[in-house]
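**Student:** Here's a sequence, model it:
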Amino acid sequence: MKTPSQSLVVMTELVLPNDTNYLGNLLGGRLMHWIDIAAALSAQRHSGKVCVTASVDEISFNEPIKLGHVVHIRSLLTRAFTTSMEVYVEVWREDPLNGTQTRTSEAFLTFVAIDQYGKPLPAPPVVPETEDERHRFDDAAMRRENRLKARETMKVRRG
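**Tutor:** This next block holds a predicted model:
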């Protein structure tokens, strides 16, 4: 058993010209890449195994992140099921010229630890400590159920 704080990963990135679009905003794909890396590290830290992305729930882009901003990405496990692990990620932008910080994005991703043959491995349980962790832990069961229902719906539609 492990606590969410034991899986905490904090990444910091500087938005450079190659990371932006014509408007000088951080590319959504670049942010998704950084989110996936942080979440994978949290899953790996929790399980002690190589982890792969199984799914990405909705990623919200609530505020633009501009060239020259500092991006802080914070990820931690919310809950582990038999072999899957849900990871919560939040993104903050920092304007280094005026010191302001704004939460810009959040996402939930699911990872699976695998062995050398690519087979899923059991995930250690998560024991929430704080009230926020307990809420995310409880809500994770609903999010998982929604993911599984959506997967089944897609299978039926494909025939």
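**Student:** which residues in the chain form strands?
**Tutor:** Here the chain has its strands, by DSSP state E, at 9-14, 50-61, 70-80, 84-95, 100-114.
**Student:** Can you give the strand pairings for the third one, parallel or anti for each?
**Tutor:** For strand 70-80, the pairing partners within the sheet under DSSP bridges are strand 9-14 (antiparallel), strand 84-95 (antiparallel).
**Student:** If we go by neighbour counts, what in that strand is buried?
**Tutor:** 71, 72, 73, 74, 75, 76, 77, 78, 79, 80 (16 or more other CB atoms under 10 Å). (Glycine included, C-beta is placed from N, CA and C.)
**Student:** from those residues, which is closest to residue 12?
**Tutor:** Distance to residue 12 across those (CB to CB) is lowest for residue 72, with 5.6 Å.
**Student:** Please tell me I have it right and the closest one contacts residue 12.
**Tutor:** Yes. Between residue 72 and residue 12 there is a contact under CB atoms under 8 Å: 5.6 Å.
**Student:** Go through the strands paired with strand 70-80 and pick out the most buried.
**Tutor:** Neighbour counts (mean count of other CB atoms under 10 Å) averaged over each of the strands paired with strand 70-80 peak at strand 84-95, with a mean of 22.
**Student:** so that strand versus strand 50-61, what angle?
**Tutor:** Between strand 84-95 and strand 50-61, the angle comes out at 50 degrees (axes from the mean of the first three to the mean of the last three CA atoms, to 10 degrees).
**Student:** Tell me how far strand 84-95 lies from the chain's centre.
**Tutor:** In this view, strand 84-95 has its centroid 5 Å away from the chain centroid, taken as CA atoms, centre = their mean, to the nearest Å.
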